[in-house]
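A.B. asks: turn this into a model:
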Amino acid sequence: VGFGPAEAGDWLLGIVPTRVWIVVLPVLDSQAQKTYTRLSGTIGLGVPSRWDRLLLAHHIGAGIRNGTFGPGVAGGAEQFLPILGDEAAVAVPALIESLKDPSETVRWSAAVVLGKMRLAAKAAVPALIGSLKDPSNAVRCVAAAALGGMKWAAKGAVPALSDSLATDTGESVRYGSLCALLRIAPLGIPVPALVVAIEDTNPIVRAKACHALGAIGSGARSAVPGLLRRLASDRDATVRLYAADALVAIDPDDDRVIDALAAALTDEHRDVRLGVARHLAVEGARAARVRTQVAAAQGDRDNLVQNAAAEALRAIDVGEKK
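C.D. replies: Model prediction:
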């Protein structure tokens, strides 16, 4: 049996499903911790029925609307709503209202809970889009993550997330926005936003943006100049390698791409040299213009790079004979 204090107006309910008792006692108290005790008591033991889930979600929503979304109700909401299934949707309107609360902590908590509810909270997508402009960096970050967790249901958030990726001042928000976009519409991210993202101060954002551009392919030709810069001079080896991959995926026939790959045969990092040598091997006759650099790479200090360069040289020769 679970017991807990309730808000004024609640009544005694004795519900006996297969393995769960739900008992809500009327007690004139709205303190957050006591509210949480009530919520905890309703879950009981075993798997709750649909009615139990609806009742619990209703009480969580009531606690939020009554202004008790402090540590108690926030904890109960985060603990229970994500496991209540579609029935948890009855608490979504209260959580949406909490996204506009004066308290940063309340807004952050509401966004976290909505994110954990995933598709059950899809009605909150417009409100979460609005939270991408919240004055708090932390709230904007969890709002982006929440939208990403809803995947296809959050397609309407792509323009706003793209704007956050390109313009937000918070590094964690830009990273979170890109991760969300990759979950919602990996091939539908606006190329201009990714072009900005490959110049981001965070190397993880730059690498992921390069990878996303490569996945888009020929539709991302406007990103070639920026990717050439990343391959030539980025401080992070992973970014340089992903930039090379993206360039080949976008426009392998561009002479600028072939020249950039050849220049990267002298990169300080083995993985970059190996990656571009393998790309040149695939290019075959198109790489004939950089035969000299490919031949020189056969003397690389790494055996794998030597072998890849030799394979590239053979591919050039075979391609020219055709």
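
A.B. asks: any stretches of the stretch 51-200 of the chain with poor pLDDT?
C.D. replies: 51-85 (pLDDT under 70).

A.B. asks: where exactly do the strands run in the protein?
C.D. replies: 5-6, 14-15, 22-23, 25-26 (DSSP state E).

A.B. asks: which stretches in the stretch 201-322 of the chain count as helices?
C.D. replies: For the stretch 201-322 of the chain, helices defined by DSSP state H, counting those that start in this stretch occupy the ranges 203-216, 224-233, 237-250, 255-263, 270-283, 291-296, 303-321.

A.B. asks: quick one: buried residues of the second one?
C.D. replies: Buried residues in helix 224-233, counted by 16 or more other Cβ atoms under 10 Å: 224, 226-228, 230-231. Just so you know, the C-beta spots here come from the backbone N, C-alpha and C atoms, and that holds for glycine as well.

A.B. asks: CA atoms of it as PDB?
C.D. replies: Extracted in PDB, the C-alpha atoms of helix 224-233 (Å, rounded to 0.1, in the frame of the first residue of the first chain):
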ATOM      1  CA  VAL A 224      33.800  22.800 -50.700                       C
ATOM      2  CA  PRO A 225      35.900  26.000 -50.000                       C
ATOM      3  CA  GLY A 226      35.400  25.600 -46.200                       C
ATOM      4  CA  LEU A 227      36.200  21.900 -46.300                       C
ATOM      5  CA  LEU A 228      39.400  22.600 -48.200                       C
ATOM      6  CA  ARG A 229      40.400  25.000 -45.500                       C
ATOM      7  CA  ARG A 230      39.700  22.400 -42.800                       C
ATOM      8  CA  LEU A 231      41.700  19.800 -44.600                       C
ATOM      9  CA  ALA A 232      44.600  22.100 -45.100                       C
ATOM     10  CA  SER A 233      44.900  23.800 -41.700                       C
END
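
A.B. asks: tell me the mean pLDDT over it?
C.D. replies: On average, the pLDDT along helix 224-233 is 98.

A.B. asks: what does the longest one give?
C.D. replies: Confidence over helix 303-321 (mean pLDDT, whole number) is 92.

A.B. asks: and if you look at the third one?
C.D. replies: Rounded to a whole number, the mean pLDDT of helix 237-250 is 98.

A.B. asks: list the helices and strands that helix packs on?
C.D. replies: With contacts taken as 3 or more Cβ pairs under 8 Å, 6 or more residues apart in numbering; DSSP states H and E, helix 237-250 sits against helix 203-216, helix 224-233, helix 255-263, helix 270-283.

A.B. asks: list the residues that contact residue 194.
C.D. replies: Neighbouring residues of residue 194 by Cβ atoms under 8 Å, 6 or more residues apart in numbering: 165, 209, 212-213, 216, 220, 223.

A.B. asks: who's in contact with residue 308?
C.D. replies: So residue 308 contacts 274, 277-278, 281, 297 (Cβ under 8 Å, 6+ apart).

A.B. asks: who wins on neighbours among the residues you listed?
C.D. replies: residue 277 (29 neighbours; other Cβ atoms under 10 Å).

A.B. asks: which residue sits closest to that one, ignoring its sequence neighbours?
C.D. replies: Spatially, and ignoring its direct neighbours in sequence, residue 277 is nearest to residue 308 (3.6 Å; Cβ to Cβ, 6 or more residues apart in numbering).

A.B. asks: kindly report the same for residue 216.
C.D. replies: residue 187 (6.0 Å).

A.B. asks: tell me how many other residues surround the one you found.
C.D. replies: Residue 187, neighbours per other Cβ under 10 Å, totals 10.

A.B. asks: how near is residue 195 to residue 307?
C.D. replies: To residue 307, residue 195 is 35 Å away according to Cβ to Cβ, to the nearest Å.

A.B. asks: what's the answer for residue 102, then?
C.D. replies: 64 Å.

A.B. asks: these two: which is more packed in?
C.D. replies: Between residue 102 and residue 307, counted using other Cβ under 10 Å, the more crowded position is residue 307 (16 against 6).

A.B. asks: ok now do that one, which residues does it touch?
C.D. replies: By Cβ under 8 Å, 6+ apart, no residues touch residue 307.

A.B. asks: what is the burial count for the closest residue to residue 169 other than its chain neighbours?
C.D. replies: Excluding the flanking residues, the one nearest residue 169 by Cβ to Cβ, 6+ apart is residue 137, at 7.9 Å. Neighbourhood size, residue 137 [other Cβ under 10 Å]: 14.

A.B. asks: alright, I will stop here.
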